[in-house]
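Q: next input, structure requested:
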Amino acid sequence: MNTTSSDGELTARVADRAAGLSPRERAVAQYLLERPQEFTGASAAQIAKATGTSDATVVRTARSLGYTGLRDLKRAALASLTPPRDPVVRLNRRLDRLEGGLGAVLDQVLADTSEMVGHLPDTLDTTAWERAVDLVATGDRVWAYGIGPAALAAEFLVVELTRFGHHATAVRNTGFSLADPLMGLGAGDVVVIFAPLRLFHEIDVVLEHARTVGAPTILISEAVGDDQTDVADAVLSMPQTADSAASEHFAGILIARALGLELAARDRVGSVEAWELLLRLRTSLAGPDAARPPATEPPGE
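A: The predicted structure follows:
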């Protein structure tokens, strides 16, 4: 496995504190270094079973290594895994995992996607998530941005929010054409940026202009390190997909869905009214039958 300097930092931290660890804590630390990917996806109970220790020992090990808890240690372990940024390297490494026929490829995609979703609760900082929900809930309008395929997540977020009665717009412009939508950005807006793998120059410009006009920002990405959490008002770190058959865009779609439902739960009355308006408009456009989901037909008919 190729690793970044974060891996060296994690190894050095364990080495520096090894003398102060109990034998059981050293067993947990050794498992962490030898199997960082498995460690990040396992629960405290699973780590305890793999190391012949207890849940409490696993948590104590994290604190003995200088982390606030197991979640914090898992984030450090995730950061130690290399996320190759070269698209060709990423593709080759993904294809290396997809040996076999069509069924095997589908199984690998499903397995890797399931694993990525399983990592999401540990990767996503709870405080940052709550901050993001608060910002979206209190903003006058959501200004969602994505480049290339990432724009699909931005557009999906806008559909979700609009259907729940919130003002939102999606922007996918790049280069000079981005200047026009940026001119309409104001202090009442909340900027939500989907940048799965890299922060393009346009994203830097959007973040800087948002700061200038006083618009809070939310960044959703797997390309932001622990030392970059101040690049936006809320940074939602996504699981690494570098060596995975899972799409780097899937987590963004999940976050967009969750944001929409969080806001709907906060204002159930307003959300229901918005959906009723949507159904009335559908009825006006296509008739009453088209606005409703089809009823289940009796067997044999």
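Q: three-state assignment of Ile220?
A: Three-state call for Ile220 (DSSP: H, G, I helix; E, B strand; the rest coil): strand.
Q: burial count for Pro239?
A: If you count neighbours by other CB atoms under 10 Å, Pro239 ends up with 25. Backbone N, C-alpha and C define where each C-beta goes, glycine included.
Q: distance of Ala223 from Ala151?
A: 17 Å (CB to CB, to the nearest Å).
Q: sorry, slip of the keys, the one I care about is Thr123.
A: 23 Å.
Q: how about Leu185?
A: Distance from Leu185 to Ala151, by CB to CB: 17 Å.
Q: quick one, what contacts Ala111?
A: Ala245 (CB atoms under 8 Å, 6 or more residues apart in numbering).
Q: helix or strand for it, which one?
A: helix 102-123 (DSSP states H and E).
Q: mind listing what's buried along that helix?
A: For helix 102-123, burial by neighbour count (16 or more other CB atoms under 10 Å) applies to Gln108, Val109, Asp112, Thr113, Glu115, Met116, His119, Leu120, Asp122, Thr123.
Q: do stretch 163-182 as well
A: Arg163, Phe164, Gly165, His166, Ala168, Thr169, Ala170, Val171, Arg172, Leu178, Pro181, Leu182.
Q: so how far is it off the chain centroid?
A: Distance, stretch centre to chain centre, for stretch 163-182: 21 Å (CA atoms, centre = their mean, to the nearest Å).
Q: and the end-to-end length of that stretch?
A: From its first residue to its last, stretch 163-182 covers 24 Å (CA to CA, to the nearest Å).
Q: contacts for it next, please.
A: For stretch 163-182, contacts defined as CB under 8 Å, 6+ apart pick out 136, 140-148, 151, 154-155, 157-158, 161-162, 200, 202, 205-206, 209, 260, 263-264, 267, 270-271, 273-275, 278.
Q: list only those of those flagged as buried.
A: Using 16+ other CB under 10 Å as the threshold, 136, 141-147, 151, 154-155, 157-158, 161-162, 202, 206, 209, 260, 263-264, 271, 274 are the buried ones among these.
Q: okay, and which of those map to helices?
A: Under the assignment DSSP state H, the buried ones among the contacts of stretch 163-182 contribute 136, 151, 154-155, 157-158, 161-162, 202, 206, 209, 260, 263-264, 271, 274 to helices.
Q: show me what contacts Leu236?
A: Leu124, Asp125, Ala128, Trp129, Ala132, Ile218, Leu219, Ile220, Ser221, Ile255.
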